[in-house]
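> sharing a model that was predicted from the sequence below.
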Amino acid sequence: MLNNNAEPTKAQLEILQVLWKYGPSTVRFVNDQLSQQKQAVSYTSTLKLMQIMHEKEMLKRDETNMTHVYSAALEEQKIKKVVLDKFVDSMYDGSVKNLMLELLGNEKTSNKEWETIKELLNKLD
């Protein structure tokens, strides 16, 4: 069983993100989504990785039909928290304040995003 501190690899996270977004899916569907997001991904590589993820209990597999359908066994928010915590620890010495300052200073932030951020901060007060 996957422990709470486990962190999926980048490739595993990409598969999980497809399953979190679209729900239970076939390997072919996941592979097609991954291939649209980046350079073409080999079907057999996706299949093998999803089989490994199933063995590690990261994915559930419905075998009632000829085509197996996989779904995420990991909760999206829990995994995102693990990944974010590790990122903040390694890149910002555990300081959420420094992360926020970096994000708020990002030139890519649109006016609409700034307004949303201000609204969220006002709600915290």
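Perfect, I can see it now.
> got the domain boundaries for the protein?
10-72, 95-125 (automatic domain parsing).
> please work out which of those is packed deepest.
Of all those, domain 10-72 has the most neighbours on average by mean count of other CB atoms under 10 Å, namely a mean of 16. Bear in mind the C-beta positions are built from the backbone N, C-alpha and C, glycine included.
> now do the same end-to-end measure for it.
15 Å (CA to CA, to the nearest Å).
> with distance to residue 81 and mean pLDDT as added columns, please give the domains of the chain in CSV.
Compiled in CSV, the domains of the chain are given as follows (distance: least, CB to CB, whole Å; pLDDT from 0 to 100):
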stretch, distance to residue 81, mean pLDDT
domain 10-72, 13, 94
domain 95-125, 12, 84
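> could you dump those to CSV with distance to residue 88?
Output for these, formatted as CSV (distance: least, CB to CB, whole Å):
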stretch, distance to residue 88
domain 10-72, 17
domain 95-125, 5
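> can you give me the buried ones in the helix of greatest length in the chain?
Criterion DSSP state H: the longest helix present in the chain is helix 76-92. Of the residues in helix 76-92, those buried under the neighbour-count criterion (16 or more other CB atoms under 10 Å) are 79, 82.
> mind checking which of the domains of the chain is nearest residue 80?
Among the domains of the chain, domain 10-72 comes nearest to residue 80, with 9.4 Å by CB to CB.
> quick one: distance of the closest one to the chain centre.
Here domain 10-72 is found 13 Å from its chain centre; the criterion is CA atoms, centre = their mean, to the nearest Å.
> next one: stretch 101-115
How far stretch 101-115 lies from its chain's middle: 22 Å, per CA atoms, centre = their mean.
> which residues touch it?
Stretch 101-115 is contacted by residues 92, 117 when judged by CB atoms under 8 Å, 6 or more residues apart in numbering.
> now do the next helix or strand along the chain from the longest helix of the chain against helix 76-92, angle only.
Downstream of helix 76-92, the next assigned helix or strand under DSSP states H and E is helix 96-104. Going by axes from the mean of the first three to the mean of the last three CA atoms, to 10 degrees, helix 96-104 is angled at 90 degrees with respect to helix 76-92.
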